[in-house]
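Trainee: coords below, sequence missing:
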């Protein structure tokens, strides 16, 4: 069953976590009015509450290529349960206070670039981004190339969207490793749009 990113917000719109969801988890969440999502290591479908978060599900919706869940309350002082995991399987994950408008391309990419920059600075243990930076530029280049090939080989629209997201994430990691800002790339794109 195909997995897609899951953005988990509180009622104010603050992102609590981003993880992964599939159709089964989406349907189960709707039926039980409790958020069910995929465990970052095992890939098993489990209730969000098993991670220590005690919050009711206000709503869950299916977007184009991703899901969004809004929780009624947030458990103050608790770490978000879903941090980064292998992007090959899940795509990038982020959490914290950033208010990300997932419909605005520049906003999403800028927010993700900021998370990548933060991961490089802090190098948190267990983070996939940390793993990439620790492996050095060669490892990052290799992953970027693998993701480009996976995108080229994807045939279904859904798979193309998924692989394109992976490629963009790894591109942001590569740019950060090289010290090149996303703004520099966007400026170059803007100059070509004339």
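Mentor: It's in. Source: prediction; values computed, not measured.

Trainee: only C-alpha atoms from now on, for both contacts and neighbour counts.
Mentor: Will do.

Trainee: what mean pLDDT does the longest helix along the chain get?
Mentor: In terms of residue count, the longest helix belonging to the chain (DSSP state H) is helix 128-153. In this model, helix 128-153 has an average pLDDT of 92.

Trainee: mind giving me the packing neighbours of that helix?
Mentor: helix 105-122, helix 157-178 (3 or more C-alpha pairs under 8 Å, 6 or more residues apart in numbering; DSSP states H and E).

Trainee: just for the chain, where's the confidence low?
Mentor: By pLDDT under 70, the weakly predicted segments of the chain are 1, 41, 50-55, 73-107, 194.

Trainee: okay, now the domains of it?
Mentor: If you go by automatic domain parsing, the domain ranges for the chain are 3-82, 105-192.

Trainee: got JSON lines for these, with mean neighbour count too?
Mentor: Listed next are the domains of the chain as JSON lines, based on neighbours: other C-alpha atoms under 10 Å:
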{"stretch": "domain 3-82", "mean neighbour count": "18"}
{"stretch": "domain 105-192", "mean neighbour count": "16"}
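
Trainee: how much does the longest helix of the chain deviate in direction from helix 105-122?
Mentor: 140 degrees (axes from the mean of the first three to the mean of the last three C-alpha atoms, to 10 degrees).

Trainee: helix 157-178 and helix 128-153, what's the angle between them?
Mentor: Using the same axes, to 10 degrees: helix 128-153 against helix 157-178 is 130 degrees.

Trainee: can I get the helices and strands packed on helix 128-153 in a markdown table with distance to residue 49?
Mentor: Below are those laid out as a markdown table (distance: least, C-alpha to C-alpha, whole Å):
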| stretch | distance to residue 49 |
| --- | --- |
| helix 105-122 | 25 |
| helix 157-178 | 27 |
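
Trainee: nearest to residue 3, out of these?
Mentor: With C-alpha to C-alpha, the closest approach to residue 3 among the helices and strands packed on helix 128-153 belongs to helix 157-178: 8.9 Å.
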